[in-house]
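> Just a sequence and a predicted model for now, questions to come.
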Amino acid sequence: MEMKIALVPGDGIGPDIVREAVRVLDRVASVYGHSISYRTIDAGGVSIDKYGIPLTDDALESAKEADAVLLGAVGGPKWDSCPGNKRPERALLGLRSGLGLFCNFRPAAIYPELSDASPLKKEIISDGVDLLVVRELTGGIYFGEKGRNDDGTEAFDMMRYSKQEIERISRKAFESARKRRGHVTLVDKANVLETSRLWRETVSALAAKEYSDVELDFMYVDNASMQLVRNPRAFDVILTENMFGDILSDEASMITGSIGMLASASLREDRFGMYEPIHGSAPDIAGQNIANPIATILSAGMMLRYSFSLDKEADAIDSAVRSFLSDGYRTKDIASGGEWVGTDEAGKIIEGRIS
Ligand code: IPM
Ligand code: MG
(Lines give C-alpha, C1' and ligand atoms only; values in the text may rest on other atoms or scores of the structure.)
(Ligands and ions follow the chains in the order given, each with its own letter.)
Protein backbone atom coordinates (compact mmCIF):
# COMPACT_ATOMS: atom_id res chain seq x y z
CA MET A 1 0.00 0.00 0.00
CA GLU A 2 1.11 3.57 -0.61
CA MET A 3 0.63 5.90 2.32
CA LYS A 4 0.97 9.67 2.41
CA ILE A 5 1.58 10.75 5.97
CA ALA A 6 1.81 14.30 7.24
CA LEU A 7 4.12 14.64 10.24
CA VAL A 8 3.51 17.42 12.72
CA PRO A 9 6.36 17.09 15.21
CA GLY A 10 5.44 20.36 16.94
CA ASP A 11 7.27 21.56 20.04
CA GLY A 12 9.21 20.30 23.04
CA ILE A 13 9.74 16.55 22.88
CA GLY A 14 7.48 16.36 19.79
CA PRO A 15 10.36 16.03 17.31
CA ASP A 16 12.18 13.47 19.54
CA ILE A 17 9.22 11.11 19.71
CA VAL A 18 7.91 11.53 16.16
CA ARG A 19 11.38 10.57 14.89
CA GLU A 20 11.13 7.22 16.69
CA ALA A 21 7.60 6.57 15.45
CA VAL A 22 8.84 7.15 11.89
CA ARG A 23 11.67 4.71 12.50
CA VAL A 24 9.15 2.06 13.50
CA LEU A 25 6.77 2.89 10.63
CA ASP A 26 9.60 2.59 8.13
CA ARG A 27 10.44 -0.81 9.50
CA VAL A 28 6.80 -1.91 9.22
CA ALA A 29 6.75 -0.67 5.63
CA SER A 30 9.86 -2.63 4.70
CA VAL A 31 8.77 -5.86 6.44
CA TYR A 32 5.24 -5.79 5.02
CA GLY A 33 6.01 -4.31 1.60
CA HIS A 34 4.37 -0.89 1.84
CA SER A 35 5.64 2.49 0.77
CA ILE A 36 5.29 5.60 2.91
CA SER A 37 5.96 9.18 1.92
CA TYR A 38 6.20 11.84 4.61
CA ARG A 39 5.69 15.53 4.58
CA THR A 40 6.62 17.56 7.65
CA ILE A 41 4.31 20.39 8.67
CA ASP A 42 5.01 23.20 11.12
CA ALA A 43 2.30 23.77 13.70
CA GLY A 44 2.26 25.18 17.22
CA GLY A 45 5.09 27.19 18.75
CA VAL A 46 7.46 26.33 15.93
CA SER A 47 5.01 27.93 13.48
CA ILE A 48 4.60 31.00 15.70
CA ASP A 49 8.37 31.42 15.64
CA LYS A 50 8.58 31.08 11.86
CA TYR A 51 5.36 32.68 10.64
CA GLY A 52 3.90 34.54 13.60
CA ILE A 53 0.80 32.32 13.82
CA PRO A 54 0.26 28.80 15.22
CA LEU A 55 -1.20 27.28 12.05
CA THR A 56 -0.85 28.68 8.54
CA ASP A 57 -3.34 27.99 5.75
CA ASP A 58 -0.56 26.20 3.89
CA ALA A 59 0.04 23.91 6.84
CA LEU A 60 -3.66 23.04 7.04
CA GLU A 61 -3.79 22.46 3.28
CA SER A 62 -0.79 20.11 3.43
CA ALA A 63 -2.46 18.18 6.23
CA LYS A 64 -5.61 17.87 4.10
CA GLU A 65 -3.63 16.41 1.23
CA ALA A 66 -2.25 13.58 3.33
CA ASP A 67 -4.01 10.27 4.06
CA ALA A 68 -3.34 10.70 7.77
CA VAL A 69 -1.51 12.95 10.21
CA LEU A 70 0.90 11.94 12.98
CA LEU A 71 1.35 14.64 15.58
CA GLY A 72 3.89 14.91 18.40
CA ALA A 73 2.88 17.69 20.79
CA VAL A 74 2.50 21.46 20.75
CA GLY A 75 3.09 24.24 23.26
CA GLY A 76 5.58 25.35 25.87
CA PRO A 77 6.34 28.15 28.33
CA LYS A 78 8.09 30.13 25.60
CA TRP A 79 4.70 30.99 24.08
CA ASP A 80 2.68 31.28 27.30
CA SER A 81 2.38 35.03 27.00
CA CYS A 82 0.89 34.89 23.48
CA PRO A 83 -2.72 36.15 23.29
CA GLY A 84 -5.47 33.48 23.35
CA ASN A 85 -5.93 33.16 19.61
CA LYS A 86 -2.17 32.98 18.96
CA ARG A 87 -1.22 30.31 21.44
CA PRO A 88 0.32 27.08 20.14
CA GLU A 89 -2.78 25.15 21.31
CA ARG A 90 -4.78 27.00 18.65
CA ALA A 91 -2.92 24.89 16.10
CA LEU A 92 -4.46 21.75 17.53
CA LEU A 93 -7.93 23.24 17.56
CA GLY A 94 -7.41 24.57 14.04
CA LEU A 95 -6.34 21.15 12.78
CA ARG A 96 -9.24 19.40 14.51
CA SER A 97 -11.89 21.73 13.15
CA GLY A 98 -10.18 22.40 9.80
CA LEU A 99 -9.93 18.67 9.17
CA GLY A 100 -13.41 17.94 10.56
CA LEU A 101 -12.14 15.48 13.16
CA PHE A 102 -15.20 15.27 15.38
CA CYS A 103 -14.43 11.93 17.01
CA ASN A 104 -11.64 11.49 19.50
CA PHE A 105 -10.74 8.03 20.83
CA ARG A 106 -8.64 7.99 23.97
CA PRO A 107 -8.08 4.47 25.20
CA ALA A 108 -6.70 4.07 28.71
CA ALA A 109 -5.54 0.63 29.75
CA ILE A 110 -3.15 -0.59 32.39
CA TYR A 111 -0.22 -2.60 31.11
CA PRO A 112 0.21 -5.53 33.51
CA GLU A 113 3.98 -4.96 33.32
CA LEU A 114 3.48 -1.44 34.64
CA SER A 115 0.68 -1.96 37.15
CA ASP A 116 2.94 -0.69 39.97
CA ALA A 117 2.98 2.69 38.26
CA SER A 118 -0.72 3.32 38.87
CA PRO A 119 -1.33 5.71 41.76
CA LEU A 120 -4.42 3.69 42.71
CA LYS A 121 -4.40 0.95 45.34
CA LYS A 122 -3.78 -2.59 44.12
CA GLU A 123 -7.24 -3.81 45.11
CA ILE A 124 -8.84 -1.15 42.91
CA ILE A 125 -6.92 -2.07 39.79
CA SER A 126 -6.36 -5.76 40.40
CA ASP A 127 -8.82 -6.72 37.65
CA GLY A 128 -7.13 -4.33 35.25
CA VAL A 129 -8.41 -1.09 33.78
CA ASP A 130 -9.40 -0.94 30.15
CA LEU A 131 -11.62 1.88 29.04
CA LEU A 132 -12.12 4.09 26.04
CA VAL A 133 -13.04 7.75 26.25
CA VAL A 134 -14.97 8.79 23.13
CA ARG A 135 -14.80 12.56 23.18
CA GLU A 136 -16.70 14.90 20.86
CA LEU A 137 -13.93 17.08 19.44
CA THR A 138 -15.20 19.87 17.22
CA GLY A 139 -18.17 21.30 19.08
CA GLY A 140 -19.32 22.50 22.47
CA ILE A 141 -17.75 25.24 24.52
CA TYR A 142 -14.39 24.92 22.75
CA PHE A 143 -15.81 26.18 19.50
CA GLY A 144 -18.86 28.17 20.62
CA GLU A 145 -19.12 31.89 20.42
CA LYS A 146 -16.88 33.59 22.98
CA GLY A 147 -16.09 37.14 23.91
CA ARG A 148 -15.86 39.99 26.38
CA ASN A 149 -18.00 42.99 27.10
CA ASP A 150 -16.72 46.43 26.10
CA ASP A 151 -14.63 47.18 29.15
CA GLY A 152 -13.34 43.61 29.34
CA THR A 153 -14.73 42.89 32.80
CA GLU A 154 -17.17 40.22 31.65
CA ALA A 155 -16.54 37.21 29.43
CA PHE A 156 -18.55 34.35 28.02
CA ASP A 157 -18.05 31.03 26.25
CA MET A 158 -21.08 29.44 24.67
CA MET A 159 -21.77 25.73 24.84
CA ARG A 160 -23.94 24.62 21.94
CA TYR A 161 -24.68 21.21 20.41
CA SER A 162 -26.93 20.03 17.64
CA LYS A 163 -28.69 16.68 17.53
CA GLN A 164 -26.73 15.80 14.43
CA GLU A 165 -23.38 16.45 16.14
CA ILE A 166 -24.46 14.28 19.06
CA GLU A 167 -25.71 11.45 16.86
CA ARG A 168 -22.57 11.06 14.77
CA ILE A 169 -20.22 10.83 17.75
CA SER A 170 -22.65 8.53 19.60
CA ARG A 171 -22.64 6.09 16.68
CA LYS A 172 -18.84 5.91 16.97
CA ALA A 173 -19.15 5.16 20.68
CA PHE A 174 -21.79 2.46 20.21
CA GLU A 175 -19.85 0.83 17.42
CA SER A 176 -16.67 0.80 19.52
CA ALA A 177 -18.60 -0.70 22.41
CA ARG A 178 -19.77 -3.55 20.18
CA LYS A 179 -16.13 -4.48 19.61
CA ARG A 180 -15.35 -4.18 23.32
CA ARG A 181 -17.50 -5.12 26.31
CA GLY A 182 -20.75 -3.73 24.91
CA HIS A 183 -21.28 -0.96 27.44
CA VAL A 184 -21.56 2.81 26.92
CA THR A 185 -21.73 5.36 29.73
CA LEU A 186 -22.91 8.79 28.64
CA VAL A 187 -21.26 11.35 30.89
CA ASP A 188 -22.99 14.72 31.13
CA LYS A 189 -24.38 17.33 33.49
CA ALA A 190 -28.05 16.86 32.65
CA ASN A 191 -29.12 18.06 36.10
CA VAL A 192 -27.92 21.54 35.13
CA LEU A 193 -27.14 21.96 31.43
CA GLU A 194 -29.66 22.08 28.58
CA THR A 195 -27.03 20.76 26.13
CA SER A 196 -26.64 17.73 28.38
CA ARG A 197 -30.39 17.13 28.33
CA LEU A 198 -30.28 17.16 24.54
CA TRP A 199 -27.40 14.67 24.67
CA ARG A 200 -29.40 12.29 26.90
CA GLU A 201 -32.51 12.54 24.76
CA THR A 202 -30.61 12.03 21.52
CA VAL A 203 -28.39 9.22 22.74
CA SER A 204 -31.31 7.35 24.34
CA ALA A 205 -33.38 7.57 21.16
CA LEU A 206 -30.49 6.40 19.01
CA ALA A 207 -29.73 3.51 21.36
CA ALA A 208 -33.35 2.37 21.37
CA LYS A 209 -33.55 2.50 17.60
CA GLU A 210 -30.20 1.10 16.48
CA TYR A 211 -28.08 -0.16 19.36
CA SER A 212 -30.38 -2.04 21.71
CA ASP A 213 -27.69 -4.72 22.02
CA VAL A 214 -25.39 -2.21 23.75
CA GLU A 215 -25.90 -1.48 27.43
CA LEU A 216 -26.33 2.27 27.96
CA ASP A 217 -26.21 4.15 31.21
CA PHE A 218 -25.85 7.77 32.27
CA MET A 219 -23.64 9.50 34.79
CA TYR A 220 -23.18 13.09 35.86
CA VAL A 221 -19.67 14.29 35.18
CA ASP A 222 -18.86 15.08 38.82
CA ASN A 223 -19.86 11.58 39.84
CA ALA A 224 -17.97 10.08 36.89
CA SER A 225 -14.76 11.76 37.98
CA MET A 226 -15.24 10.13 41.38
CA GLN A 227 -16.18 6.68 40.05
CA LEU A 228 -13.11 6.69 37.81
CA VAL A 229 -10.82 6.52 40.84
CA ARG A 230 -13.19 4.48 42.98
CA ASN A 231 -13.97 1.73 40.49
CA PRO A 232 -12.49 2.32 37.03
CA ARG A 233 -13.47 -1.21 36.05
CA ALA A 234 -17.10 -0.02 35.91
CA PHE A 235 -16.37 1.74 32.62
CA ASP A 236 -16.04 0.35 29.14
CA VAL A 237 -16.81 3.21 26.74
CA ILE A 238 -17.28 6.73 28.10
CA LEU A 239 -19.16 8.90 25.63
CA THR A 240 -18.99 12.60 26.35
CA GLU A 241 -18.88 16.16 25.04
CA ASN A 242 -15.71 18.08 24.27
CA MET A 243 -14.72 19.70 27.56
CA PHE A 244 -15.82 16.87 29.85
CA GLY A 245 -13.85 14.53 27.60
CA ASP A 246 -10.78 16.72 27.90
CA ILE A 247 -10.91 16.56 31.68
CA LEU A 248 -11.92 12.93 32.14
CA SER A 249 -9.37 11.64 29.63
CA ASP A 250 -6.54 13.17 31.65
CA GLU A 251 -7.92 11.54 34.76
CA ALA A 252 -8.33 8.20 32.98
CA SER A 253 -4.79 8.31 31.64
CA MET A 254 -3.37 9.11 35.06
CA ILE A 255 -4.95 6.07 36.68
CA THR A 256 -3.02 3.84 34.29
CA GLY A 257 0.15 5.42 35.68
CA SER A 258 1.73 5.48 32.27
CA ILE A 259 0.70 8.58 30.41
CA GLY A 260 3.84 8.19 28.27
CA MET A 261 2.26 5.05 26.82
CA LEU A 262 -1.17 6.25 25.76
CA ALA A 263 -2.11 6.93 22.16
CA SER A 264 -5.13 8.65 20.65
CA ALA A 265 -6.95 8.99 17.37
CA SER A 266 -9.06 11.85 16.03
CA LEU A 267 -11.36 10.70 13.28
CA ARG A 268 -14.21 11.64 10.98
CA GLU A 269 -16.55 9.59 8.75
CA ASP A 270 -13.97 8.61 6.13
CA ARG A 271 -10.60 6.95 6.80
CA PHE A 272 -8.64 10.15 7.37
CA GLY A 273 -7.36 10.63 10.90
CA MET A 274 -4.94 12.49 13.10
CA TYR A 275 -3.00 10.45 15.63
CA GLU A 276 -1.12 11.71 18.63
CA PRO A 277 0.13 10.75 22.07
CA ILE A 278 -2.06 11.85 24.95
CA HIS A 279 0.81 13.48 26.82
CA GLY A 280 2.05 17.01 26.23
CA SER A 281 5.23 18.58 24.90
CA ALA A 282 7.30 18.30 28.13
CA PRO A 283 9.61 21.19 27.16
CA ASP A 284 11.79 20.63 30.23
CA ILE A 285 13.11 17.36 28.80
CA ALA A 286 13.07 18.24 25.08
CA GLY A 287 16.09 17.21 23.02
CA GLN A 288 17.68 15.27 25.88
CA ASN A 289 16.94 11.80 24.58
CA ILE A 290 14.89 10.86 27.65
CA ALA A 291 11.30 11.20 26.45
CA ASN A 292 9.21 8.06 26.14
CA PRO A 293 8.39 7.53 22.44
CA ILE A 294 5.95 4.67 23.05
CA ALA A 295 2.71 6.70 23.02
CA THR A 296 3.66 8.09 19.62
CA ILE A 297 4.74 4.70 18.32
CA LEU A 298 1.40 3.26 19.44
CA SER A 299 -0.36 6.23 17.81
CA ALA A 300 1.34 5.26 14.56
CA GLY A 301 -0.08 1.79 15.15
CA MET A 302 -3.58 3.22 15.56
CA MET A 303 -3.03 5.08 12.29
CA LEU A 304 -2.28 1.84 10.47
CA ARG A 305 -5.39 0.27 11.97
CA TYR A 306 -7.94 3.07 11.51
CA SER A 307 -6.75 4.96 8.45
CA PHE A 308 -5.28 2.10 6.43
CA SER A 309 -7.04 -1.01 7.79
CA LEU A 310 -3.63 -2.65 8.25
CA ASP A 311 -4.52 -4.72 11.32
CA LYS A 312 -1.64 -7.17 11.02
CA GLU A 313 0.86 -4.33 10.83
CA ALA A 314 -0.78 -2.51 13.74
CA ASP A 315 -0.69 -5.73 15.77
CA ALA A 316 3.02 -6.02 14.97
CA ILE A 317 3.62 -2.60 16.53
CA ASP A 318 1.56 -3.45 19.61
CA SER A 319 3.42 -6.71 20.14
CA ALA A 320 6.81 -5.10 19.59
CA VAL A 321 5.96 -2.66 22.40
CA ARG A 322 4.70 -5.49 24.61
CA SER A 323 7.88 -7.45 24.06
CA PHE A 324 10.03 -4.38 24.82
CA LEU A 325 8.23 -4.10 28.17
CA SER A 326 8.11 -7.77 29.05
CA ASP A 327 11.85 -8.07 28.41
CA GLY A 328 12.24 -5.47 31.11
CA TYR A 329 13.16 -2.43 29.05
CA ARG A 330 11.96 0.87 30.47
CA THR A 331 12.22 4.51 29.52
CA LYS A 332 13.03 6.98 32.27
CA ASP A 333 9.41 7.94 33.07
CA ILE A 334 8.40 4.34 33.80
CA ALA A 335 11.67 3.06 35.29
CA SER A 336 10.70 3.73 38.94
CA GLY A 337 14.29 4.75 39.59
CA GLY A 338 15.73 1.63 37.94
CA GLU A 339 17.66 1.28 34.68
CA TRP A 340 16.31 2.84 31.55
CA VAL A 341 17.04 3.37 27.88
CA GLY A 342 16.99 6.65 25.96
CA THR A 343 14.40 7.78 23.43
CA ASP A 344 16.36 6.63 20.40
CA GLU A 345 17.40 3.33 21.92
CA ALA A 346 13.80 2.57 22.84
CA GLY A 347 12.79 3.32 19.25
CA LYS A 348 15.53 1.07 17.90
CA ILE A 349 14.69 -1.83 20.22
CA ILE A 350 11.02 -1.64 19.26
CA GLU A 351 11.95 -1.31 15.57
CA GLY A 352 14.05 -4.47 15.90
CA ARG A 353 11.04 -6.39 17.21
CA ILE A 354 8.78 -5.65 14.26
CA SER A 355 8.28 -8.88 12.37
C1 IPM B 1 -5.99 17.80 24.76
C2 IPM B 1 -5.40 19.12 25.14
C3 IPM B 1 -6.02 20.19 24.26
C4 IPM B 1 -7.50 20.22 24.52
C5 IPM B 1 -5.42 21.58 24.43
C6 IPM B 1 -3.91 21.56 24.26
C7 IPM B 1 -6.06 22.59 23.53
O8 IPM B 1 -5.60 19.37 26.48
O9 IPM B 1 -5.83 17.40 23.58
O10 IPM B 1 -6.59 17.17 25.61
O11 IPM B 1 -7.96 20.87 25.47
O12 IPM B 1 -8.25 19.58 23.78
MG1 MG C 1 -6.45 17.75 27.56
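Structure's in. What do you need? Ligands and ions are numbered 1, 2, ... in the order given.
> Tell me the residue of the stretch 151-300 of the chain that sits nearest ligand 1?
D246 (4.4 Å; Cβ to the nearest ligand atom). Glycine gets a C-beta too; all of them are placed from N, C-alpha and C.
> my read is that residue is in a helix, agree?
Yes - according to DSSP: H, G, I helix; E, B strand; the rest coil, D246 belongs to a helix.
> Count the residues that sit near W340.
17 (other Cβ atoms under 10 Å).
> Hmm, T331 and it touching each other?
Yes - with contact defined as Cβ atoms under 8 Å, W340 counts as touching T331 (5.5 Å).
> tell me the SS of the most far-flung residue of the chain relative to its centre?
The C-alpha centroid of the chain is most remote from D151, which lies 37.9 Å away (Cα atoms, centre = their mean). Recorded secondary structure, D151: coil (three-state DSSP).
> distance of it from I238?
Noted for D151: a distance of 41 Å to I238, by Cβ to Cβ, to the nearest Å.
> where does R106 fall, phi/psi-wise?
phi -130, psi 90 (degrees, to the nearest 10).
> In contact with S355, which residues?
Contact analysis of S355 by Cβ atoms under 8 Å, 6 or more residues apart in numbering lists 31, 316.
> Retrieve the pLDDT associated with it.
As predicted, S355 sits at a pLDDT of 93.
> Next, the distance between the ends of stretch 114-133.
21 Å (Cα to Cα, to the nearest Å).
> what is the rounded mean pLDDT of that stretch?
91.
> List the neighbours of that stretch that are in contact with it.
104-110, 112, 176, 180, 229-233, 235-238, 240, 245, 248-249, 252, 254-258, 261, 325, 334, 336.
> if we can go back for a sec, what about the residue of the stretch 151-300 of the chain closest to ligand 1, how many neighbours?
18.
> Disregarding residues adjacent in the polypeptide, which is nearest to it?
R135 (7.0 Å; Cβ to Cβ, 6 or more residues apart in numbering).
> what do you get for L7?
Nearest non-adjacent residue to L7 (Cβ to Cβ, 6+ apart): T40, at 4.8 Å.
> Also G182?
G182's closest residue in space is V214 (Cβ to Cβ, 6+ apart), at 5.4 Å.
> I'd guessed that neighbour sits against R180; true?
No - counting by Cβ under 8 Å, V214 does not reach R180; the two are 9.8 Å apart.
> So those two - more neighbours on which side?
V214 (20 against 16).
> tell me the phi and psi of the more buried one?
The phi/psi pair for V214 (degrees, to the nearest 10) is phi -100, psi 130.
> any idea how the chain splits into domains?
Following automatic domain parsing, one gets these domains for the chain: 1-102+260-355, 119-255.
> Relative to ligand 1, which residue of this protein is the closest?
For the chain, Cβ to the nearest ligand atom, closest residue to ligand 1: E89, 3.8 Å.
> okay, now that residue: neighbour count?
Residues near E89, counting by other Cβ under 10 Å: 15.
> One more: G12?
Neighbours around G12, by other Cβ under 10 Å: 29.
> Excluding sequence neighbours, find me the nearest residue to it.
The nearest residue in space to G12 (Cβ to Cβ, 6+ apart) is S281, at 2.9 Å.
> For the lowest-mean-pLDDT helix or strand in the chain, buried residues please.
One helix or strand of the chain scores below all others by mean pLDDT, DSSP states H and E: helix 122-125, with a mean of 91. Using 16 or more other Cβ atoms under 10 Å as the test for burial, helix 122-125 gives I125.
> Go ahead and confirm the residue of the stretch 151-300 of the chain closest to ligand 1 touches G140.
No - using Cβ under 8 Å as the test, D246 is too far from G140 to be in contact (9.6 Å).
> before we move on, back to that, quick one: the residue nearest to D246 and L267, what's the gap?
In terms of Cβ to Cβ, R135 sits 11 Å off from L267.
> And the two? Which one has more around it.
The residue with more neighbours, out of R135 and L267 and counting by other Cβ under 10 Å, is R135; that gives 28 against 23.
> shouldn't the more buried one be in contact with V237?
No - using Cβ under 8 Å as the test, R135 is too far from V237 to be in contact (11.1 Å).
> hang on, the earlier thing: count residues in the vicinity of the residue nearest to L7, would you?
T40 - counted by other Cβ under 10 Å - has 13 other residues nearby.
> D67 now?
D67 has 18 nearby residues by other Cβ under 10 Å.
> K4 is in contact with that one, correct?
Yes - look at D67 against K4 with Cβ under 8 Å: they come within range, at 4.8 Å.
> Close to ligand 1: what parts of this structure are there?
89, 92-93, 246 (Cβ under 6 Å from any ligand atom).
> on that earlier part again, and the pLDDT at the residue of the stretch 151-300 of the chain closest to ligand 1?
For D246, the predicted pLDDT is 95.
> cool, the one 4 residues further on as well?
Predicted confidence (pLDDT) for D250: 92.
> Same question for E339.
pLDDT at E339 comes out at 96.
> Let me know the secondary structure of it.
Going by three-state DSSP: E339 is coil.
> ok, back up a step: so which of the residues of the chain next to ligand 1 belong to helices?
89, 92-93, 246 (DSSP state H).
> Name all residues that make contact with the most centrally placed residue in the chain.
Nearest to the mean C-alpha position of the chain, by Cα atoms, centre = their mean, lies S264 at 2.8 Å. By Cβ under 8 Å, 6+ apart, the residues touching S264 are 104-107, 249, 275-278, 299, 302.
> repeat that for 10 Å
71, 104-108, 133, 135, 249, 253, 274-279, 295, 298-299, 302 (Cβ atoms under 10 Å, 6 or more residues apart in numbering).
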